[in-house]
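Student: Sequence and predicted model, in that order:
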Amino acid sequence: MAFKEKISALTFDPRGLVLPALFLVAWQFVTDVQWVDTRIIVPPVDVVAAGWKWFLSGELVSGLQASLWRDGSGFLLGALLGIALGVLLGVSRFADAVFGPTFHSLKHISLFAWIPLISAFFGRDDLAKVVFVALSTLYPVALGTLEGIRNIAKSQSEVARVYGFTPRQALFRLVLPAASPQIIAGLHLGLIYAWLATVGGEFILASVGEGIGLAVIRGRASFHVDLILVGMLVIGLVGLVFNTAANHIEARLLHWRGNHS
Amino acid sequence: MHRIPIFGMRGIGLKLSRTEYEVAVMSTLQSIEKPLSLESVEARLPPLHLPGQENILPALRRLAIGMVFPLLLLALWKVATVHVWLPPQLLPDPAFVWESLKEMAASGELLGQALVSLKRVLWSMLLGGGSGLALGFAMGLSPRAKAYLYPSFSLLSQFPVIGWSPLMIIFFGIDEALKIATITVAVIVPFAVATYKGIQNVPVKLMEVGRIYGFSFRQTLWHIALPAALPAILGGVRQGGMQAWLALVFVELLASSEGLGYLLVYSRNLMQLDVVMVCMAAIGLIGLLFDLALTRLEQHFSRLSPKGY
């Protein structure tokens, strides 16, 4: 199966291009013959032109930078807190009994439902957005860490006890390495959620300042469909790059496990 | 003619004549050592866990310990409001939040808004679920459909749905169509991925049995692919439900005139944080119920699905 997939990845199947090509042709056609309002369905050429103009003005890059900065700092904060929380709940039965139920109840609150409360406390600017991104990263990372620690084989922890590991040794030599596959999977999920939260946060907490989501939502307010499309494409591409990179890093980091399942 | 079910394919409802059955057993016997029998299927099932078997006391104790932290938080919250550490607009009195909850529940406002939201989710689950299933089945069963659809699908599915919303506002306005469309798109991807993967993982032997008997496409779909892929599909239903709830709150926050998300953002703008908290609790509770119900459904059906060994 794996071999077959590798083969199909190597040999390129042009049939996959039919649908996108048809879509592009149809898009160009309906705008050419003016069957649709070209303010709503902008010709593909105009979208490319708008993107190029946006790129040349430097605003696309600076907006993307601002968004990526929020994404990165929120992710870092959330990931550190998430691993810490996951380790605490996973290692200490006491902490799990006391904080676990609260933690598992709060996770059911849909992510975006936190935004109004966060904005009441932290305003609408960078701080609120970073807090929201951190919160969205925290949950998948903490849950992954917790699951990883729960799955550590009893024999492994017994070896650590026999060798008289100090808590510090146990953490760095046993708990974190043994739980690393799930922690990394949690971080991967957290990365996806962080980008989702960055963009969603910029949409909902629209404010002055720079950011790719902010630019898109302003484009919507001023009915610039070309800008919206370019923005969407950039948002999607960033997500795609994150996901692909995370997949590669995950495979590389977990290579030592031997199996690729 | 006397018709008996194929052993080991419980849940498929496939009835065969004696000779057909013998051929089927023969063909499976060639590839595996031990014959499939109903007993071995039962043995593979996870042990039955009947409610009432476990002791209630430890559960109560767990609950009591779990309540300590929330109660401490509540006490801290109360103390903070009594001493006015934060302005009351930012931190309303817990008793006041409780009053708001009772009031909103009694007046039917909470239920009304929740029903509006739930109706949106339901429609989108039906629309998105139907198209996702169709897409997943098409890509899973037909190599040709996969060759045409899969590259576009896998590319688009990696774009966050949230990113689509501004474009959808342009196309659909900010009315009901916007919510249904956004949530539907959010639901299609998990449904299609789960169905596709589920069919990919249908044991080859089951498919071979179908081929030997010259099953039509419809029979293959109905008697082999669907039952065997059911657990995976139900996993997709759960994922889809979660995604739908996430997208719903998002789109209601973004542009809405009714629903829980609307109430949330409206009361936030009036700085009525008590209402905000009540809404968050309601959203959390519905999310929890969704999760419980869909997990139960998934577990129930995954025990019934046929395995190929």
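Tutor: Great, that's in hand. Small disclaimer: the values here were computed from a predicted structure and weren't measured.
Student: The residue nearest in space to the middle of chain A: which element?
Tutor: Nearest to the mean C-alpha position of chain A, counting by CA atoms, centre = their mean, stands residue A:192 at 1.7 Å. Residue A:192 is part of helix A:176-204 when elements are defined by DSSP states H and E.
Student: what about that helix, distance to the chain center?
Tutor: Centroid displacement of helix A:176-204 relative to its chain, using CA atoms, centre = their mean, to the nearest Å, is 5 Å.
Student: who does it touch, helix- and strand-wise?
Tutor: helix A:59-91, helix A:126-150, helix A:212-221, helix A:225-253, helix B:226-254 (3 or more CB pairs under 8 Å, 6 or more residues apart in numbering or on different chains; DSSP states H and E). For the C-beta atoms, the positions are set from N, CA and C on the backbone; glycine is no exception.
Student: returning to that earlier point: excluding residues flanking it in the chain, which one is nearest the residue nearest to the centre of chain A?
Tutor: What sits nearest to residue A:192 in space, not counting adjacent residues and going by CB to CB, 6 or more residues apart in numbering or on different chains, is residue A:243, at 6.4 Å.
Student: what's the residue nearest to the centre of chain A in contact with, if anything?
Tutor: Neighbour list for residue A:192: A:239, A:242-243, A:246, B:160 [criterion: CB atoms under 8 Å, 6 or more residues apart in numbering or on different chains].
Student: For the chain, identify the residue most remote from the centre.
Tutor: Let's take chain A. Distance-from-mean max, chain A, by CA atoms, centre = their mean: residue A:162 at 40.5 Å.
Student: try chain B instead
Tutor: Here chain B reaches farthest from its C-alpha mean at residue B:83, the gap being 44.4 Å by CA atoms, centre = their mean.
Student: and it, how far is that from residue B:273?
Tutor: From residue B:83 over to residue B:273 the distance is 18 Å, taken as CB to CB, to the nearest Å.
Student: Any idea how many residues pack against the one residue in the stretch 51-200 of chain A that gets nearest to chain B?
Tutor: For the stretch 51-200 of chain A, the residue closest to chain B is residue A:101, as judged by CB to the nearest CB, at 3.2 Å. Applying other CB atoms under 10 Å in any protein chain shown, we find 18 other residues in the vicinity of residue A:101.
Student: And for residue A:190?
Tutor: Neighbours of residue A:190 (other CB under 10 Å): 29.
Student: before we move on, the earlier item: can you report the mean pLDDT over the residues of the helix holding residue A:192?
Tutor: Helix A:176-204 shows a mean pLDDT of 91.
Student: Narrow the contacts of residue A:192 to just the buried residues.
Tutor: The neighbour count (16 or more other CB atoms under 10 Å in any protein chain shown) marks A:239, A:242, A:246, B:160 as buried among these.
Student: ok, of those residues, which one's closest to residue A:135?
Tutor: Nearest to residue A:135 out of these is residue B:160 (CB to CB; 16.9 Å).
Student: before we move on, the earlier item: measure how the helix holding residue A:192 sits relative to helix B:226-254, angle-wise.
Tutor: 50 degrees (axes from the mean of the first three to the mean of the last three CA atoms, to 10 degrees).
Student: List the buried residues in helix A:176-204.
Tutor: So for helix A:176-204, counting by 16+ other CB under 10 Å, buried means A:176, A:178-204.
Student: Kindly report the same for stretch A:147-161.
Tutor: Using 16+ other CB under 10 Å as the test for burial, stretch A:147-161 gives A:147-149, A:152, A:157, A:160.
Student: hmm, back to that, can you list the helices and strands packed on helix A:176-204 in CSV and add mean pLDDT?
Tutor: Shown next, in CSV, are these (pLDDT from 0 to 100):
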stretch, mean pLDDT
helix A:59-91, 93
helix A:126-150, 93
helix A:212-221, 84
helix A:225-253, 89
helix B:226-254, 88
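Student: now those as TSV including distance to residue A:19?
Tutor: TSV is the format used below for the helices and strands packed on helix A:176-204 (distance: least, CB to CB, whole Å):
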stretch	distance to residue A:19
helix A:59-91	28
helix A:126-150	32
helix A:212-221	25
helix A:225-253	17
helix B:226-254	22
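Student: Ok, which of those helices comes nearest residue A:113?
Tutor: helix B:226-254 (5.1 Å).
Student: what about the closest one, distance to the chain center?
Tutor: Here helix B:226-254 is found 4 Å from its chain centre; the criterion is CA atoms, centre = their mean.
Student: Contacts made by the helix or strand just after that helix with the rest, please.
Tutor: Remark: after helix B:226-254, the chain's next helix or strand is helix B:260-269, criterion DSSP H and E. Residues from elsewhere that reach helix B:260-269 (CB under 8 Å, 6+ apart): A:112-113, A:116-117, A:119-120, B:109, B:113-114, B:116-117, B:248-253, B:256, B:273-276, B:279-280, B:282-283.
Student: Recalculate using a threshold of 7 Å.
Tutor: A:113, A:116, A:119-120, B:113-114, B:117, B:248-249, B:252-253, B:256, B:275-276, B:279, B:282-283 (CB atoms under 7 Å, 6 or more residues apart in numbering or on different chains).
Student: Which of the helices and strands packed on helix A:176-204 sits closest to residue B:137?
Tutor: Shortest separation from residue B:137 across the helices and strands packed on helix A:176-204 is recorded for helix B:226-254, at 8.4 Å, computed as CB to CB.
Student: so what does that closest one touch, helix or strand wise?
Tutor: Judged by 3 or more CB pairs under 7 Å, 6 or more residues apart in numbering or on different chains; DSSP states H and E, helix B:226-254 is in contact with helix A:176-204, helix B:109-141, helix B:176-200, helix B:260-269, helix B:273-304.
Student: how much distance is there from the last one to the middle of the chain?
Tutor: Which is helix B:273-304. How far helix B:273-304 lies from its chain's middle: 10 Å, per CA atoms, centre = their mean.
Student: try the fourth one
Tutor: Taking CA atoms, centre = their mean, one finds the center of helix B:260-269 at 26 Å from the center of the full chain.
Student: buried sites along that helix?
Tutor: Residues B:260-268 are the ones in helix B:260-269 that count as buried (16+ other CB under 10 Å).
Student: Dump those to TSV, plus pLDDT and distance to residue A:81.
Tutor: Formatted as TSV, these follow (pLDDT from 0 to 100; distance: CB to CB, whole Å):
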residue	pLDDT	distance to residue A:81
B:260	89	28
B:261	89	26
B:262	90	31
B:263	90	30
B:264	90	25
B:265	88	27
B:266	89	31
B:267	88	28
B:268	88	25
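Student: between those, which is nearest residue B:100?
Tutor: residue B:267 (9.2 Å).
Student: Residue B:158 is in contact with the residue nearest to residue A:192, correct?
Tutor: Yes - counting by CB atoms under 7 Å, residue B:158 is a contact partner of residue A:243 at 5.7 Å.
Student: Any idea how many residues pack against residue B:147?
Tutor: Counted with other CB under 10 Å, the neighbours of residue B:147 add up to 16.
Student: Please apply the same query to residue A:49.
Tutor: Using other CB under 10 Å, residue A:49 has 14 neighbouring residues.
Student: Okay, buried residues for the helix or strand where it lies please.
Tutor: Secondary structure from DSSP H and E places residue A:49 in helix A:44-56. Neighbour counts over helix A:44-56 (16+ other CB under 10 Å) mark A:44, A:47, A:50-51, A:54 as buried.
Student: tell me the angle it makes with helix A:225-253.
Tutor: Angle, helix A:44-56 to helix A:225-253, by the same axes, to 10 degrees: 70 degrees.
Student: Just the C-alpha atoms of helix A:44-56, please, in PDB.
Tutor: The C-alpha atoms that make up helix A:44-56 are tabulated as PDB, following Å, rounded to 0.1, in the frame of the first residue of the first chain:
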ATOM      1  CA  PRO A  44      -8.900  36.000 -13.100                       C
ATOM      2  CA  VAL A  45      -6.500  38.400 -14.800                       C
ATOM      3  CA  ASP A  46      -7.600  41.200 -12.600                       C
ATOM      4  CA  VAL A  47      -7.100  39.100  -9.500                       C
ATOM      5  CA  VAL A  48      -3.500  38.400 -10.500                       C
ATOM      6  CA  ALA A  49      -3.000  42.100 -11.300                       C
ATOM      7  CA  ALA A  50      -4.400  43.100  -7.900                       C
ATOM      8  CA  GLY A  51      -2.200  40.600  -6.200                       C
ATOM      9  CA  TRP A  52       0.900  41.800  -8.000                       C
ATOM     10  CA  LYS A  53       0.000  45.400  -7.200                       C
ATOM     11  CA  TRP A  54      -0.500  44.500  -3.600                       C
ATOM     12  CA  PHE A  55       2.800  42.700  -3.500                       C
ATOM     13  CA  LEU A  56       4.700  45.600  -5.100                       C
END
